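In: Would you be able to build a 3D model of this:
(one chain, ligands or ions: 1)
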Amino acid sequence: MEKKIWLSSPHLSGHELQYIVEAIQTNWVAPLGPNVDEFEQVLARYHQVQDAAVLSSGTAALHLALIILGVKTGDEVIASSLTFSATINPIIYQCAHPILVESEPRTWNMSPDWLETAIKARIKRGKKPKAIIPVHVYGMPSKMEEIMEIANYYQIPVIEDAAEALGSRYNGQALGSIGAIGVLSFNGNKIITTSGGGALLSNDKKSTAKARFLSTQARDPAPHYQHTSIGYNYRMSNITAGIGLGQMEVIDQRVVQRRKNQLFYRELFSGIPGISFQEEPDDRFFSNYWLTAITVDDRQTGGITCEMLRKAFAAENIESRPLWKPMHLQPIFRKYPFYGDGTSERLFRKGQCLPSGSNLTDEDRLRIAGVINRLFDRKEICHTAIPSQNTESLK
Ligand SMILES: *Cc1c(COP(=O)(O)O)cnc(C)c1O
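Out: Below is the predicted model:
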């Protein structure tokens, strides 16, 4: 069996070890230390926000964001349905109710129209939602102008789930810096990784200070252990933060590499009817293309489905994956209200995420192209297997 090609695997810069060794040599191995401080500064600068608090995971950051915004038992929180379950789980941790909202067909992210429909309907039932969580799925910016306009009109704070979108921009602004709070993830399969970790971004330093306080067991200032609130053990360690510093040195390169993958797939699938890409609607949208994702319309591909694509890849030891199964279709979340028209369900039925690691090699691309050319029976255009030479610079 040939070597496995992963959907998205860690891609180290080579400098991570230096930071880790230094942390160990100086005995800063606890969840505090110079790497933690510096990683927070680097992230705040990169996103042009006032402050960043680094945490044990993106899920922890989402959980603390809800607590900081005062989400409590019985409250309602609006979120995109087309996402990973980690967007929704923290709402349940707070004993609050998720209200799930449909995607719109271009970005695949939260539809502003359905968002407004959902807000109006919930207010009519007597409860104004406490927060809105748009998710920038696969790195694609949500329609933030429209979403922020609605959120501001109804005065509901926005938590951007930018777990997949580090390096993406909307109107030149880094994702995660637009809402009241932004959330990042450094899980192993994300565009950069610390092996596991997350961050909470905000322009309100009270929010990030509260995140630091809650994530370190909510210790009140006193010589003894004194508590007036429930705490969490959610802080990032100084060793982990060192990996993050090594990774942030190459974030811009990683974005270029992921965007090149997307161009490679566009070239590879060009001329095949029935294949559509998740795409930037106009030049306000700049995706990191964490994952390149397509839909396959089997009425136009001569019967080839996305599941056939997945199996053809799997037979060659190449990982690909269906789109997120929308949360309103998940057995555990089915009982919660959903406002939509079937867009995300259609995307799920037809969609596939393609191998998108920033460390794909020319050889990997040849194997991937081979699978596609065989599946679509395209002997004559095997030259598309030649990796794209396109050198795209950052906007
Ligand atoms: C990965 C991810 C998370 C959770 O991040 P972790 O660091 O794995 O806890 C949350 N939301 C989305 C959309 C994600 O992709």
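In: Going by C-alpha atoms from here, please, whenever you check contacts or count neighbours.
Out: Noted.
In: next structured bit after the lengthiest helix in the chain?
Out: Scanning the chain for the helix with the most residues, using DSSP state H, yields helix 251-268. Going down the chain from helix 251-268, the next helix or strand is strand 275-277, by DSSP states H and E.
In: which residues are contacting that following strand?
Out: With contact meaning C-alpha atoms under 8 Å, 6 or more residues apart in numbering, strand 275-277 is reached by 266, 269, 292-297, 301.
In: Tell me the neighbouring strands of that strand, and mark each as parallel or antiparallel.
Out: Note on strand 275-277: by DSSP bridges, its sheet partners are strand 292-296 (antiparallel).
In: State the mean pLDDT of the strand it pairs with.
Out: Strand 292-296 carries an average pLDDT of 98.
In: Begin at 23, not 1, for the rest of this chat.
Out: Yes, from this point I'll number from 23; that puts the last item at strand 314-318.
In: Give the buried residues for it.
Out: Buried positions in strand 314-318, judged by neighbour count with 16 or more other C-alpha atoms under 10 Å: 314-318.
In: relative orientation of it and helix 273-290 in degrees?
Out: Angle of strand 314-318 versus helix 273-290, following axes from the mean of the first three to the mean of the last three C-alpha atoms, to 10 degrees, is 20 degrees.
In: contact partners of strand 314-318?
Out: 160, 283-284, 287, 296-300, 326-328, 345, 369, 372-378.
In: helix or strand right after that strand?
Out: Immediately after strand 314-318, counting by DSSP H and E, sits helix 328-337.
In: Name the residues that touch the next helix-or-strand element following that following helix?
Out: Using DSSP H and E, the helix or strand that follows helix 328-337 towards the C-terminus is strand 343-344. Contact with strand 343-344 is made by 29, 328-329, 332, 370, 373-376, as judged by C-alpha under 8 Å, 6+ apart.
In: Quick check: bridge partners of V157?
Out: Applying DSSP bridges, one finds that V157 bridges with D183.
In: What is the neighbour count of it?
Out: By the criterion of other C-alpha atoms under 10 Å, V157 has 29 neighbours.
In: Same check on A244?
Out: A244 has 8 neighbours, counted by other C-alpha under 10 Å.
In: got it, and E171?
Out: 12.
In: Work out for me the element it sits within.
Out: E171 belongs to helix 166-176 when assigned by DSSP H and E.
In: Now do that helix, average pLDDT.
Out: Mean predicted confidence for helix 166-176 is 98.
In: and if you look at stretch 24-37?
Out: Taken as a whole, stretch 24-37 has a mean pLDDT of 93.
In: Could you do stretch 119-135 as well?
Out: On average, stretch 119-135 scores 98.
In: do it and the ligand meet?
Out: No: Stretch 119-135 does not reach the ligand (C-alpha under 6 Å from any ligand atom); its nearest approach is 10.9 Å.
In: can you pull the buried residues of that stretch?
Out: Using 16+ other C-alpha under 10 Å as the burial criterion, the residues of stretch 119-135 that qualify are 119-126, 129-135.
In: Go through these and say which is closest to the ligand.
Out: Nearest to the ligand among the buried residues of stretch 119-135: N131, at 10.9 Å, using C-alpha to the nearest ligand atom.
In: Disregarding flanking residues, what is the spatial nearest neighbour of the closest one?
Out: The shortest distance from N131 to any non-neighbouring residue, by C-alpha to C-alpha, 6 or more residues apart in numbering, is to S125 (4.7 Å).
In: That neighbour touches D135, doesn't it?
Out: No: with contacts counted by C-alpha atoms under 8 Å, S125 stays clear of D135, the gap being 9.6 Å.
In: Write out the residues of this protein neighbouring the ligand.
Out: Applying C-alpha under 6 Å from any ligand atom, one finds that the chain approaches the ligand through 79-81, 105-106, 108-109, 157, 183, 185-186, 207-209, 219-220.
In: can you list the weak-confidence ranges in the stretch 223-372 of the chain?
Out: Residue ranges of the stretch 223-372 of the chain with pLDDT under 70: none are present.
In: May I have the residues that are in contact with the residue in it that the ligand sits nearest to?
Out: The nearest approach of the stretch 223-372 of the chain to the ligand comes at W346, 9.3 Å away (C-alpha to the nearest ligand atom). Neighbouring residues of W346 by C-alpha under 8 Å, 6+ apart: 104-106, 370.
In: Quickly check the buried residues of stretch 119-135 for the two that are furthest apart.
Out: Within the buried residues of stretch 119-135, H119 and T129 form the most distant pair, 25.5 Å apart (C-alpha to C-alpha).
In: Could you give the backbone dihedrals for the nearest residue to Y41 once chain neighbours are set aside?
Out: In space, and not counting its chain neighbours, Y41 is closest to G264: 4.8 Å by C-alpha to C-alpha, 6+ apart. With angles defined as degrees, to the nearest 10, G264 sits at phi -60, psi -40.
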